[in-house]
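K.L.:
attaching a predicted model along with its sequence, questions to come.
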Amino acid sequence: MLFLKRTEADPMGTSIQPGSPISWDEDSYRTSSGVPRLAPIPPRTCASQQCATTWTAPWRSRKRPIFEDQWGCNGRCVLEIVRTAVRRESASQMTNASMQHNHRMPLGLLLLAQGWITHPQLQYALDVQRQQGGRIGEVLVAECGIEADKITRGLSLQWSCPVLNANGFSPREMALVAPKIFVEQWGALPLRVAGSRILYLGFEDRLDATVAFALEQMTGLKVESGLMKTEEYLASRIALLGNNGVELREEACGETDAMAAKITALLEQKQPVASKLVRVHHRYWLRFWLETGTKGHHGTLPLHGEDMLDYVFTIEQ
């Protein structure tokens, strides 16, 4: 009778390794076809800190859902994983963008310091702005004949960011990057991916660090923000909004615990192969990758809108 070769420590304290004097090459277990049997895939480990299960039943074939690269062995564990993510996002609201803006040199003074406008022009534009409203840059262009390029350059100096253009912009591909409310509410316009690792994000007159950070977390790409000429920005915005993006569903919840329960129910229902939650100002963005092969070559950006699903949650105050 042939004995199988041991792969773990011998009970007597010795270990039989391949090639040792007391082992025989034919001891390796082979299937009837003669092909060596592969080692079994180790079971998943439940990511819930509250999980009471210390082992995985061998007959359990549960592989989904996957939430933020984590797996829960049952619905209760998935709920605990989601609650942890919701608490993380609830505590991560960014206020740096508004705080930094309060300390920026006013655009009119910056243009004056650069010698691009005169003091009388600035005074006149401020008077018109007080009477009619609007942005100082628009007033300087419309009432004082200042070139729009100088306004854009002045804004880039004010925000310490580059001036971006629409070269390489693909509205169809960029419409898949994020829900369209990112453009409609916060003015964030995805432009292109450079070197498979940098996502360029265009704005018209001011940056939004919160949106940029959320996109970095969701896509796995480094986000570089910049300003665009108004005409070019508006034309690109119209083109992007005219294309289909990932299907979006909006939900309102009374509190974060209710939102966590809703997300857990969606995870159990949709069974995604990947999913991620990030906060954007007062909204929570949840993205599902429903099947394998949906991720493209740039971070986690989708190849197409099929087998993808976005949810945006709002907590009612």
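P.N.:
The structure has been received and is ready for your questions.

K.L.:
and the spatially most central residue of the chain, how far is that from Ala274?
P.N.:
Centroid-nearest residue in the chain: Met218, 1.4 Å away (criterion: CA atoms, centre = their mean). For Met218, the distance to Ala274 (CB to CB, to the nearest Å) stands at 11 Å. Backbone N, C-alpha and C define where each C-beta goes, glycine included.

K.L.:
overlap in contacts of those two?
P.N.:
Here Met218 and Ala274 have Thr300 as joint contacts, going by CB atoms under 8 Å, 6 or more residues apart in numbering.

K.L.:
quick one: the helices in the chain?
P.N.:
75-90, 96-102, 107-113, 119-132, 136-144, 148-159, 171-174, 181-186, 209-219, 230-241, 256-270 (DSSP state H).

K.L.:
out of those helices, which is the most enclosed?
P.N.:
With neighbours defined as mean count of other CB atoms under 10 Å, these peak in mean count at helix 209-219, which reaches a mean of 21.

K.L.:
keeping just the C-alphas, turn that one into CSV.
P.N.:
Output of helix 209-219 as CSV, limited to C-alpha atoms (Å, rounded to 0.1, in the frame of the first residue of the first chain):
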residue,chain,number,x,y,z
ALA,A,209,-11.4,69.8,-3.2
THR,A,210,-14.1,67.6,-1.7
VAL,A,211,-15.3,66.4,-5.1
ALA,A,212,-11.6,65.8,-6.3
PHE,A,213,-10.9,63.7,-3.1
ALA,A,214,-14.1,61.6,-3.6
LEU,A,215,-13.1,60.8,-7.2
GLU,A,216,-9.7,59.8,-6.1
GLN,A,217,-11.2,57.4,-3.5
MET,A,218,-13.7,55.9,-6.0
THR,A,219,-11.5,55.6,-9.1
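
K.L.:
renumber starting at 334 from here on
P.N.:
That works, and once the first residue is 334, the last one we named lands at helix 542-552.

K.L.:
contact partners of that helix?
P.N.:
With CB under 8 Å, 6+ apart, helix 542-552 has contacts from 426-427, 429-430, 433, 510-511, 515, 519, 521, 523, 532, 534, 554-556, 558, 609, 611-614, 618, 620, 631-634.

K.L.:
among those residues, which are located in strands?
P.N.:
If you go by DSSP state E, these have Pro523, Leu532, Leu534, Lys555, Val556, Ser558, Lys609, Val611, Arg612, Val613, Trp618, Arg620 in strands.

K.L.:
in the chain, what helix or strand scores lowest on average pLDDT?
P.N.:
The weakest-scoring helix or strand in the chain, judged by mean pLDDT, DSSP states H and E, is helix 429-435 (a mean of 45).

K.L.:
by mean pLDDT, show me the worst of the helices of the chain.
P.N.:
Ranked by mean pLDDT, the helices of the chain bottom out at helix 429-435, which scores a mean of 45.
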